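**Q** Fold the following.
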Amino acid sequence: MPRWDAQAEERLRTAAIELFLQLGYENVTVAQIAERSGLTRRTFSRYFADKRDVLFADSDRLPDLLAEAVSRADPALTPFEALVTALADAGAMLGPQVAPLAVQRREIIARSPELQERGRTKFAAVARALSEELTRRGSEPATAALLADVGVAVFRTGFNRWVDDPDGSDLAACLREAGAELADAVAQH
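**A** All right, here's what the predicted structure looks like:
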């Protein structure tokens, strides 16, 4: 076996996803993932902190990515418009990266209370980052916190619609559509 395998990370991720779907996340060990991939536990540890990291790798970047997108949004936009623009910008960047495993990842998370909790923690961090950036843009802190929570809901809605229709719009378009739908619904009431 070569000392360095350019496909090791992908092999490990594929093996983990297959095992999580087959046996359930809680019933899979790192040793099983390594064995299924034909690699070692040590190799697994080079790429992932733990088995949860297989599903959430790079998700720690999401709060900063979204906050940076809000900060780049045109200052003339309302806070909500800046938020939806930021979500779409991030979606354009993230969509191609997460598309290959989005359906399987969502299914695995839906079956695991531990992973659902991890997802809630991730989105709480996203809401904090968005709230802080919206406050820096001039929103009152309470309004910024409300908009941030709304932004998380728009993100989740747009993301789920995108995963449900893999041959449809791209992630950015689904996020824009979810934001527009919310804006229309609020305007009608």
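**Q** residue ranges with poor pLDDT in this protein?
**A** Flagging of the chain using pLDDT under 70 yields the residue ranges 1-4.
**Q** hey, where'd the strands end up in this protein?
**A** Using DSSP state E, no strands are found in the chain.
**Q** What ranges does it have for its helices?
**A** 8-23, 30-37, 41-47, 51-56, 62-72, 79-98, 102-110, 113-136, 141-164, 171-188 (DSSP state H).
**Q** next one: the fifth one to chain centre, how far?
**A** The chain centroid and the centroid of helix 62-72 are separated by 13 Å under CA atoms, centre = their mean, to the nearest Å.
**Q** Mind splitting this structure into its structural domains?
**A** Residue ranges for the domains of the chain, per automatic domain parsing: 8-55, 58-188.
**Q** Would you convert those domains into CSV that also reports mean neighbour count?
**A** Where C-beta positions appear, they are placed from N, C-alpha and C, glycine not excepted. Below are the domains of the chain laid out as CSV (neighbours: other CB atoms under 10 Å):
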stretch, mean neighbour count
domain 8-55, 17
domain 58-188, 17
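**Q** Chain neighbours aside, what residue packs nearest to Ala129?
**A** Excluding its sequence neighbours, the residue lying closest to Ala129 (CB to CB, 6 or more residues apart in numbering) is Pro63, at 3.5 Å.
**Q** I'd assumed Ala125 was in contact with the one you found.
**A** Yes - the criterion here is CB atoms under 8 Å, and Pro63 meets it with Ala125 at 4.7 Å.
**Q** quick revisit: got a list of what the residue nearest to Ala129 touches?
**A** Counting by CB atoms under 8 Å, 6 or more residues apart in numbering, Pro63 makes contact with Ala125, Val126, Arg128, Ala129, Leu130.
**Q** And Ala34, by the same measure?
**A** Going by CB under 8 Å, 6+ apart, the list of residues near Ala34 reads Leu12, Ala15, Thr40, Arg41, Thr43, Phe44.
**Q** any idea how far it lies from Arg11?
**A** According to CB to CB, to the nearest Å, Ala34 and Arg11 sit 10 Å apart.
**Q** cool, Asp5 as well?
**A** 7 Å.
**Q** do Val150 as well
**A** 39 Å.
**Q** Next: Ala31.
**A** Taking CB to CB, one finds Ala31 at 15 Å from Arg11.
**Q** now the most centrally placed residue in the chain: how far from Ala110?
**A** Nearest to the mean C-alpha position of the chain, by CA atoms, centre = their mean, lies Ser59 at 5.7 Å. To Ala110, Ser59 is 16 Å away according to CB to CB.
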